[in-house]
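Visitor: sequence first, predicted model second:
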Amino acid sequence: MCNSLKVRWTINPRTAPQPWIVCSGCGCLKPFKSSGKIRLNANGKKLDAWLIYKCVDCDKTWNRTLFERQAIRDLTPPTLDALQGNDPHWIRAREFDLDTLRRKSQCIDEFADADVQKEVLGERDGGSLLEIDLAVTLPLSLRLDRLLASELSVSRSRLQALSDGAKLLIHPDRADAMRRRVKDGSRIVVDLSGETDGHSIWKAAVSGRTD
Ligand SMILES: [Zn+2]
């Protein structure tokens with residue numbers, strides 16, 4: 001180890017949250033999965049929009065109301081285009097909108113699976129610092145220590161030891177940050193000087209997933 005590295009990890013969750021809804025097919029509460037499809041109903045100058053979900057067991061549909069009797073002239077052209085074209089980015093933002101989902105369901109399954117895209121922001125000679133900036137595009141239920149363990153190929157106990165020895169710092173510093181879910185805008189700084197496997201950690205920070 002003879003240089004310092006700054007990287008950005010962009011974390012894109014793979015599986016959208018699944019609210020538990022009473023399924024009329026199964027006759028009980030079941031998790032529902034987004035179909036990624038919008039249903040629209042125009043009524044004069046008003047528009048209703050739903051996002052269609054399906055029971056994971058029997059495919060029965062649940063229409064999640066996005067809005068009802070919305071004046072079409074109040075919708076921006078990009079929103080109208082997104083609705084009419086089933087725009088996957090627009091729909092994805094709704095699928096991960098937990099605040100709104102919680103108003104529809106008491107229980108929501110969240111997932112930790114994600115794609116991590118790694119890019120080098122800068123490298124300089126000297127020091128042995130590894131800086132990781134996190135960009136978390138949508139909320140996901142993934143603990144910071146699990147992400148770091150998986151992406152750096154080190155154990156969670158090792159990470160804890162580094163943290164206890166002030167060789168791993170998290171900004172902003174929050175109580176128990178390692179066990180909390182990953183947060184957009186966080187920065188992790190690891191001092192790898194004196195770590196015999198520093199080079200492999202350094203390499204893992206910029207390479208593809210190793211699990
Ligand atoms: Zn069902």
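Guide: Arrived safely, thanks for sending. It should be emphasised that the depicted structure is a prediction, and the values quoted were computed from it without experimental measurement.

Visitor: okay, buried residues for stretch 175-185 please.
Guide: Using 16 or more other Cβ atoms under 10 Å as the test for burial, stretch 175-185 gives 177-178, 181-182. Heads up, the C-betas are built off the backbone N, CA and C, glycines and all.

Visitor: kindly apply the preceding question to stretch 149-157 instead.
Guide: Buried, per 16+ other Cβ under 10 Å, within stretch 149-157: 149-154.

Visitor: which of those lies closest to residue 80?
Guide: Nearest to residue 80 out of these is residue 151 (Cβ to Cβ; 39.4 Å).

Visitor: any idea how far residue 192 is from the closest one?
Guide: Per Cβ to Cβ, to the nearest Å, residue 151 is found 15 Å from residue 192.

Visitor: quick one, helices of this structure?
Guide: 77-84, 88-95, 98-102, 144-152, 156-164, 198-206 (DSSP state H).

Visitor: quick check: end-to-end length of stretch 112-132?
Guide: Terminal residues of stretch 112-132 lie 19 Å apart, using Cα to Cα, to the nearest Å.

Visitor: quick check: mean pLDDT across it?
Guide: The predicted model gives stretch 112-132 an average pLDDT of 91.

Visitor: show me what counts as buried in that stretch.
Guide: 112, 114, 118, 128-132.

Visitor: that older thread, for the buried residues of stretch 175-185, give me a markdown table that also has pLDDT.
Guide: Shown next, in a markdown table, are those (pLDDT from 0 to 100):
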| residue | pLDDT |
| --- | --- |
| 177 | 89 |
| 178 | 92 |
| 181 | 94 |
| 182 | 95 |
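
Visitor: which of the residues you listed sits closest to residue 162?
Guide: residue 178 (10.0 Å).

Visitor: which residues touch that closest one?
Guide: 143-145, 148, 159-160, 163, 170 (Cβ atoms under 8 Å, 6 or more residues apart in numbering).

Visitor: just put these in JSON lines and tack on neighbour count, pLDDT and distance to the ion.
Guide: Formatted as JSON lines, those follow (neighbours: other Cβ atoms under 10 Å; pLDDT from 0 to 100; distance: Cβ to the ion, whole Å):
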{"residue": "143", "neighbour count": "16", "pLDDT": "95", "distance to the ion": "31"}
{"residue": "144", "neighbour count": "21", "pLDDT": "96", "distance to the ion": "35"}
{"residue": "145", "neighbour count": "20", "pLDDT": "96", "distance to the ion": "36"}
{"residue": "148", "neighbour count": "27", "pLDDT": "97", "distance to the ion": "38"}
{"residue": "159", "neighbour count": "21", "pLDDT": "95", "distance to the ion": "41"}
{"residue": "160", "neighbour count": "15", "pLDDT": "93", "distance to the ion": "42"}
{"residue": "163", "neighbour count": "18", "pLDDT": "93", "distance to the ion": "44"}
{"residue": "170", "neighbour count": "19", "pLDDT": "96", "distance to the ion": "42"}
